[in-house]
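> got a structure for you, letters missing:
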């Protein structure tokens, strides 16, 4: 079936503008993750959604970052008043947490490359 | 501090040759260790996942080893192909589905 998709693939924005990044997880996956990958750095955990539970927001770097997951499927990561240090690739991953398949496996989307000028 | 260190940062090998990538970690508690392959412009794709009790796991030409005592892992690639050119990322889970610590990756280039 279809994998995790993200849009847009690339986004260039001016400093101070707000941006929204979208993630469509694999159908039926109940867990969804957002990560940030800066140049030369390892992936950095941002936020985790699991079913109807309250999301784990412990990785969000500031209150300018927020994320929603509507209807247990599509997720949107919003960055307000973007700064140049927000420039990175933002990756989304989903995971089946219903016991089918490998519960540890995370399936990644292609990412959104954000450039703040 | 939980950390995952990978070496080398980058590596160039000729097609058909073997290579070994290293991963050292200080993550505690330890749940599992995984290796991902990330092609340029793509998301990471899982190669292997190993728990504490597993010493080695293979996936085709990729073989991962784990020494939980020394907190070291390696990824061995046999008979490299041009399509193996990618970044290889070592990831350690400290428990829980949302507690992954990522290494910075080794960038491998396979030349003809």
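Thanks, I have the structure now. Quick caveat, the model's predicted, so the values are computed rather than measured.
> quick check: chain neighbours aside, which residue is closest to residue B:104?
residue A:42 (4.7 Å; C-beta to C-beta, 6 or more residues apart in numbering or on different chains). Bear in mind the C-beta positions are built from the backbone N, C-alpha and C, glycine included.
> would you mind naming what in chain B lies close to chain A?
B:4, B:32, B:34, B:41-46, B:49, B:89, B:91, B:93, B:97-105 (C-beta under 8 Å from any C-beta of the partner chain).
> among those, name the ones in helices.
Applying DSSP state H to the residues of chain B next to chain A, no entry is found in helices.
> re the thing from before, in which helix or strand would I find the residue nearest to residue B:104?
Using DSSP states H and E, residue A:42 maps to neither a helix nor a strand.
> my read is that it contacts residue B:3, right?
No. Using C-beta atoms under 8 Å as the test, residue A:42 is too far from residue B:3 to be in contact (9.4 Å).
> the more surrounded of the two?
Neighbours per residue, other C-beta atoms under 10 Å in any protein chain shown: of residue A:42 and residue B:3, the larger number sits with residue A:42, 20 against 12.
> grab the nearest non-local neighbour of the residue in chain B that chain A sits nearest to.
Chain B approaches chain A most closely through residue B:43 (3.0 Å), counting by C-beta to the nearest C-beta. Counting by C-beta to C-beta, 6+ apart, the nearest residue to residue B:43 once its immediate chain neighbours are dropped is residue A:108, at 3.0 Å.
> near chain B, which residues of chain A are found?
Within reach of chain B by C-beta under 8 Å from any C-beta, chain A has these residues: A:4, A:31, A:33, A:35, A:40-45, A:48, A:50, A:56, A:91, A:93, A:95, A:97, A:102-106, A:108-111.
> from the residues of chain B next to chain A, which ones fall inside strands?
If you go by DSSP state E, the residues of chain B next to chain A have B:4, B:32, B:34, B:45-46, B:49, B:89, B:91, B:93, B:100-102 in strands.
> drop anything exposed from the residues of chain B next to chain A.
The neighbour-count test (16 or more other C-beta atoms under 10 Å in any protein chain shown) marks B:4, B:32, B:34, B:43-44, B:46, B:49, B:89, B:91, B:93, B:97-105 as buried among the residues of chain B next to chain A.
> circling back: identify, from the ones in strands among the residues of chain B next to chain A, the entry nearest to residue B:21.
The nearest member of those to residue B:21, counting by C-beta to C-beta, is residue B:89 at 9.8 Å.
> and the lowest-mean-pLDDT helix or strand in chain B, how far out from the chain middle?
Using mean pLDDT, DSSP states H and E, the weakest-scoring helix or strand in chain B turns out to be strand B:100-102, at a mean of 87. Offset of strand B:100-102 from its chain centre (C-alpha atoms, centre = their mean, to the nearest Å): 12 Å.
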